[in-house]
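1. Sequence and predicted structure are below.
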Amino acid sequence: MKQSRLFTKTRKEVPADEVARNAQLLIRAGYVAKEMAGVYAYLPLGLRVLERIKSIVREEMDAIGGQELIMTALQRKEVWERTNRWSDEAVDVWFKSELKAGGEVGFGWSHEEPIGEMMKSYIASYKDLPVYVYQFQTKLRNELRAKSGIMRGREFVMKDMYSFSVGEEDHTAFYDATIEAYKRVFERVGIGADTFVTFASGGAFTQFSHEFQTITDAGEDVIYIQREKGIAINAEVLNDDTLRELGVTREELTEVKTAEVGNIFNFGRQKAEDIGLVYKNEAGESVPVWMGSYGIGVTRLMGVIVEKFADEKGMVWPEAVAPFPVHLIELSGQDAEIKEYADELYSGFKDHGVEVLYDDRDARAGEKFNDSDLMGIPYRVVVSRKTKEEGKYEVVNRRTGEVEHLDEESLYEKFVNARAA
RNA sequence: CGGGGUGUAGCAUAAUGGUAGUGUUCGUGGUUUGGGACCACGAGGCCCGGGUUCGAUUCCCGGCACCCCGACCA
């Protein structure tokens, strides 16, 4: 993509109404635009990152048998009344509205009730199970206070998956498979080393739920970790009973600040019983389905990635989620010959299937370099009079600053299929 | 929801009871060209409603928005 055609621009000034580093950088670099408190639009560069993350999540969910669908944003009041979660006392983040034809609707802050309700139409027998479905959807939550940029908004994208199983054994197997799939997701997007499967409060159905917590000062949670044993405990459930249960002592735990990037809940049979989702077993008896719910905050994950890797110059995207793998910069000045030379390389990248953001703007080197640093594309390829005379292109690693000089073929080789690896 | 703070140009900011200055951005011209270069000219602004006042961007009241701390976050 030619940067001269990109409608977004960078800015030097930090927005006065943002304290969160992720929002400051994403806005300055033109990845997102703030619509209102806690609500952000995703612009072309930001959308690319979001889609990169989604495709990784999608691959891993598909790999464990997930089937993608998309539920509705508008939800029926009756469905939530059935589980006593329509009232604002029970759920304090509801957005609600009225139908002109009469009656009330809610804006989806979660989808476990509606999806369970819908599944009644498709699950009748043990032969219909298991079913694993997931979606990427915008959730709307009427938070009293939005904060932390895109890490905690009133509108955000979440991947939520729901499992429907016949018995505890199948249910637990899938629950465990999801933990592994989530680990792969966080590994692939680059935060695996600092992301912990964390014991957290379990809600009504089980003693614990599992959260995926990533170490970052920008987070809102506090957890205690024991790296060697791979154990992490949310501060909210840290007590003597928990410690004994998990076989750790308080002394060996380290306190860290984290952001919750994923969580999984085991509903047992309770949820299905509440909503009346039953199947006939082999004996012909009606039995509630075993259910689980599994979430990944996609936009929050993007924010966490920004927070974790940004340096003083701007963002630094891991290759797997970067909007482009390569930022091509031409420093032709008024030199038409160099411009043409750079254009050819741009075409060459396209011919090799490498997605490139090409800074073809009539701008000075400093401006282009600063913008490039801010945008955080993993590799910068520079074309100038100097590189033409040398017969090699300059390749700079955004994260390490390491510089290579490659000829055209080595350059293509470096980036072709780089993302598959 | 409790407490606190702020609303001035696209962005970031200053001053002011007598209609506002700077930086950046943007436009034009020129000199430049490997880290936001320089010069000239130009464009662009006081959140909304009410009150006090001869006169309000400024003071007062209300609203709205935004930010911070806390609470909340199945």
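-> Right, received. Where do you want to start?

2. so where do the strands sit in the stretch 251-400 of chain A?
-> Assigned by DSSP state E, counting those that start in this stretch, the strands in the stretch 251-400 of chain A fall at A:254-268, A:278-280, A:286-288, A:290-297, A:326-331, A:356-359, A:379-384, A:393-397.

3. a markdown table for these, including mean neighbour count, distance to RNA strand B and mean pLDDT?
-> All C-beta spots, glycine's among them, are computed from the backbone N, C-alpha and C. Output for the strands of the stretch 251-400 of chain A, formatted as a markdown table (neighbours: other CB atoms under 10 Å; distance: least, CB to the nearest atom of the strand, whole Å; pLDDT from 0 to 100):
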| stretch | mean neighbour count | distance to RNA strand B | mean pLDDT |
| --- | --- | --- | --- |
| strand A:254-268 | 21 | 5 | 95 |
| strand A:278-280 | 18 | 22 | 98 |
| strand A:286-288 | 15 | 18 | 97 |
| strand A:290-297 | 25 | 5 | 97 |
| strand A:326-331 | 25 | 5 | 98 |
| strand A:356-359 | 25 | 11 | 98 |
| strand A:379-384 | 23 | 3 | 98 |
| strand A:393-397 | 18 | 5 | 98 |
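
4. Same list (those) but as CSV, adding distance to residue A:15.
-> As requested, the strands of the stretch 251-400 of chain A are exported to CSV (distance: least, CB to CB, whole Å):
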stretch, distance to residue A:15
strand A:254-268, 21
strand A:278-280, 52
strand A:286-288, 50
strand A:290-297, 23
strand A:326-331, 23
strand A:356-359, 23
strand A:379-384, 25
strand A:393-397, 28
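
5. Determine which of these approaches residue A:99 most closely.
-> strand A:290-297 (27.7 Å; CB to CB).

6. how about the CA coordinates for that closest one, as CSV?
-> What follows is strand A:290-297 as a C-alpha-only set of coordinates in CSV (Å, rounded to 0.1, in the frame of the first residue of the first chain):
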residue,chain,number,x,y,z
TRP,A,290,-22.4,-29.5,29.9
MET,A,291,-21.3,-26.0,29.0
GLY,A,292,-18.2,-23.9,29.0
SER,A,293,-17.4,-20.3,27.8
TYR,A,294,-14.1,-19.2,26.5
GLY,A,295,-13.2,-15.6,25.8
ILE,A,296,-10.3,-13.7,24.3
GLY,A,297,-10.5,-9.9,24.3
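
7. Sheet-wise, list the partners of that strand with their directions.
-> Strand A:290-297 pairs in its sheet with strand A:155-165 (antiparallel), strand A:254-268 (antiparallel), by DSSP bridges.

8. want to try CSV for the ones you listed, with distance to residue A:24 as columns?
-> CSV is the format used below for the strands paired with strand A:290-297 (distance: least, CB to CB, whole Å):
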stretch, distance to residue A:24
strand A:155-165, 18
strand A:254-268, 17
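
9. Dihedrals phi and psi, residue A:234?
-> In terms of degrees, to the nearest 10, the main-chain angles of residue A:234 are phi -70, psi 140.

10. Quick check: chain neighbours aside, which residue is closest to residue A:83?
-> Distances taken as CB to CB, 6 or more residues apart in numbering put residue A:274 closest to residue A:83, at 4.9 Å, once the chain neighbours are dropped.

11. how far does stretch A:198-207 stretch from start to finish?
-> Start-to-end span of stretch A:198-207 (CA to CA, to the nearest Å) is 13 Å.

12. For residue A:148, find the nearest of the strands paired with strand A:290-297.
-> Closest to residue A:148 of the strands paired with strand A:290-297, according to CB to CB: strand A:254-268, at 8.2 Å.

13. burial measure for the closest residue to residue A:255 other than its chain neighbours, as a count.
-> Using CB to CB, 6+ apart and skipping the chain neighbours, the partner closest in space to residue A:255 is residue A:224 (5.6 Å). Residue neighbour count, defined by other CB atoms under 10 Å, stands at 23 for residue A:224.

14. so residue A:224 touches residue A:239, yeah?
-> No - when contacts are counted by CB atoms under 8 Å, residue A:224 is not listed as touching residue A:239 (11.3 Å).

15. How many residues are close by residue A:41?
-> 12.

16. buried set for the regular element (helix or strand) spanning it?
-> Element membership for residue A:41 (DSSP states H and E) is strand A:39-42. Within strand A:39-42, the residues that count as buried by 16 or more other CB atoms under 10 Å are A:40, A:42.

17. Give me the helices and strands touching that strand, please.
-> strand A:32-36 (3 or more CB pairs under 8 Å, 6 or more residues apart in numbering; DSSP states H and E).

18. Point out the other helices and strands that the strand it packs on packs with.
-> Here strand A:32-36 touches helix A:21-28, strand A:39-42, going by 3+ CB pairs under 8 Å, 6+ apart.
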